[in-house]
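In: coordinates only, no sequence provided:
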């Protein structure tokens, strides 16, 4: 069991602004905080984050940068906003007086050295080893999403309380699941919703939560990942790493995102607006119900 | 003089998609390509880019990561999409048979080592040394933007041909300038417009262009930086490094972006939509003309 602090920061701040009429207006804006991650006291990286879910962000960062193979290697994550730091303590240090750096130093050092040349800021991604591993990634093939489910999921997102609606300037990600057996007649179930100033952070925070709580997703359930951000190569890769076969976005997609999704057999649904959407790949997991394109949107359930 | 290849990639690709009516539609999507930067044959970073302006992206990356103090240190940048690489050759190598790594290895190595711990992917930024330097950054104080100029600039952007309009999934940045002397009666002049899949890349490509063509911006002209992206700390810092005092965005801003802009005395104008906008800081550089808030939008000039 990993011990996590619970140090979410206030997400919204109020500042003064002047509008086009020359009038002063109190305006809500999103928080943005530097958070420096230390693994066994060694500095890893400084992330700029909304701070809504910092412990899972740390976990997801370690996972998605592939610095650790399992969350079981971690004893605790302690976020301290006074010092803008997250102290990640590995089990080896906690239990054996030996740090993970000492125990596994060569491979960790290698990965960090590699990270230097393959990641950039908002630029580049953890491509190095990942692209090589694509061939070994197999997404679940069972489960289909009906058009009604997709519209329901989008409706849930539209009505979900969000920082975006108050302050803008953030991206949101959400993890949904749904019984594979359609006889269950279930609506898509929201498991986790995270917003952050960077879409990379938001997806990492979801990945961290999943790593701890659903390390092996239930094969009887279809997992769907929703993002307000664009479907770039990185978003496709991170979703694939989480074992998620359906990716839904309000935004568009890039050519490489499309290419990777096609190779992975991932279902990519983009440009979702109201009842409109486009399926770009993996349409075998989608049950079209074109009659719904004409209907008014369903009201959200109780 | 730096020798640059001219290797823009096709920015838009057409793929098949299925819409909500179950109909197939040919859909334009934005390109995304890996580009690995080599400085004197040494691998620096892999960026994911639209590829519209790769040589200036390299230059701006070197500048904004503060890996090089001047573009005069560079002899040539040669982009080759066959190998997805950009070969950056320094003058020292070209002229003296000695690489920049050998000539300045200790400081470059140090900066790269530092980069390892301070940058992350879409996460974090080149904060390390930058925050310390804020006190030394002094933005030009002369020059004011009239409300009519702001609306004109936004109109120009709205009518500018863009990949975003065709394919979505990209961010755009633009550099404008305007005579400080209002007697000139000039409209804001678009100097450079760049789109990329990451807003960091787009701003870096503008920074690279400016580094080469306007290393010391004309003090008789007011420079204005427009972005479709959010005004985060990083965007404020990069603009300040370019000596730009006015930052305009269609999107919102973060608390740290606001805080830094206030400390720098930068004029921050956000949430621009039609005739609406909000001035968040540096209102001394803005001449309000509230009557314009009521008028229909000006048509773009010839």
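Out: Cool, the structure landed. None of the values given here were measured: they were computed from a predicted structure.
In: dig out what the closest residue to residue A:186 other than its chain neighbours forms beta bridges with.
Out: Leaving aside its sequence neighbours, residue A:186 sits nearest to residue A:179 (Cβ to Cβ, 6 or more residues apart in numbering or on different chains; 4.9 Å). No exception for glycine: its C-beta is placed from N, CA and C like everyone else's. Counting by DSSP bridges, residue A:179 is bridged to residue A:221.
In: where does residue A:179 land on pLDDT?
Out: Note on residue A:179: pLDDT of 94.
In: residue contacts, it?
Out: A:186, A:220, A:221, A:222 (Cβ atoms under 8 Å, 6 or more residues apart in numbering or on different chains).
In: how near is it to chain B?
Out: For residue A:179, the distance to chain B equals 24 Å [Cβ to the nearest Cβ, to the nearest Å].
In: same check, this time on residue A:251
Out: 6 Å.
In: same deal with residue A:172?
Out: 13 Å.
In: near chain B, which residues of the stretch 151-300 of chain A?
Out: A:167-169, A:197-201, A:204, A:230-234, A:251-258, A:270-271, A:275-280, A:283, A:286, A:288, A:290, A:292-293 (Cβ under 8 Å from any Cβ of the partner chain).
In: in helices, which of those residues fall?
Out: Mapping these onto helices (DSSP state H) picks out A:167, A:199, A:200, A:201, A:204, A:233, A:234, A:255, A:256, A:257, A:258.
In: wait, which of those is closest to residue A:63?
Out: residue A:204 (7.7 Å; Cβ to Cβ).
In: give me the pLDDT for that closest one.
Out: Residue-level pLDDT assigned to residue A:204 equals 93.
In: over to the closest residue to it other than its chain neighbours. Which of the three states is it?
Out: Computed as Cβ to Cβ, 6+ apart, the closest residue to residue A:204 that is not its neighbour in sequence is residue A:60, at 3.4 Å. Put simply, residue A:60 is helix when judged by DSSP: H, G, I helix; E, B strand; the rest coil.
In: so residue A:60 sits right up against residue A:211, yeah?
Out: Yes - with contact defined as Cβ atoms under 8 Å, residue A:60 reaches residue A:211; the gap is 6.8 Å.
In: the more surrounded of the two?
Out: Comparing residue A:60 with residue A:211 by other Cβ atoms under 10 Å in any protein chain shown, the one with more neighbours is residue A:60, at 27 against 22.
In: quick one: low-confidence parts of chain A?
Out: Counting by pLDDT under 70, chain A shows low-confidence ranges at A:93-133, A:295-302.
In: ok, which stretches of chain A are helices?
Out: A:54-64, A:91-96, A:100-103, A:105-118, A:127-133, A:147-159, A:163-167, A:199-213, A:233-241, A:255-264.
In: ok, and what's touching the last one?
Out: Judged by Cβ under 8 Å, 6+ apart, the contacts made with helix A:255-264 from elsewhere in the structure are A:134, A:137, A:139, A:230-233, A:235-237, A:240, A:247, A:266-268, A:280-282, B:13, B:15, B:29-34, B:48.
In: chain center to it, what's the gap?
Out: The chain centroid and the centroid of helix A:255-264 are separated by 18 Å under Cα atoms, centre = their mean, to the nearest Å.
In: next, the angle from that helix to helix A:233-241.
Out: Angle, helix A:255-264 to helix A:233-241, by axes from the mean of the first three to the mean of the last three Cα atoms, to 10 degrees: 20 degrees.
In: likewise for the first one?
Out: Between helix A:54-64 and helix A:233-241, the angle comes out at 90 degrees (the same axes, to 10 degrees).
In: what comes up buried for helix A:54-64?
Out: Across helix A:54-64, burial judged by 16 or more other Cβ atoms under 10 Å in any protein chain shown covers A:54, A:55, A:56, A:57, A:58, A:59, A:60, A:61, A:62, A:63, A:64.
In: out of these, which is nearest to chain B?
Out: Relative to chain B, the closest of the buried residues of helix A:54-64 is residue A:61; by Cβ to the nearest Cβ it sits at 7.3 Å.
In: that older thread, can you flag the buried ones in the residues of the stretch 151-300 of chain A next to chain B?
Out: A:167-169, A:197-201, A:204, A:230-234, A:251-258, A:270-271, A:275, A:277-280, A:283, A:286, A:288, A:292-293.
In: hmm, who's touching stretch A:4-14?
Out: A:26-31, A:33, A:50-56, A:76-81, A:163, A:166-167, A:195, B:255, B:258.
In: return the distance of it from the chain's centre.
Out: Taking mean C-alpha positions (Cα atoms, centre = their mean), stretch A:4-14 and its chain are 18 Å apart.
In: stretch A:151-166 now?
Out: With Cα atoms, centre = their mean, you get 16 Å for stretch A:151-166.
In: what do you get for stretch A:223-238?
Out: 8 Å.
In: also stretch A:33-52?
Out: 17 Å.
In: does that stretch reach chain B?
Out: Yes - counting by Cβ under 8 Å from any Cβ, chain B has neighbours in stretch A:33-52: A:33, A:34, A:43, A:44, A:45, A:46, A:47, A:48, A:49.
In: contacts only, for the residue sitting nearest the centre point of chain A.
Out: Per Cα atoms, centre = their mean, the C-alpha nearest to the average position across chain A is that of residue A:203, at 1.5 Å. By Cβ under 8 Å, 6+ apart, the contact list for residue A:203 reads A:60, A:64, A:173, A:225, A:227, A:235, A:238, A:239.
In: now do residue A:153 against residue A:45, distance only.
Out: The spacing between residue A:153 and residue A:45, counted by Cβ to Cβ, to the nearest Å, is 32 Å.
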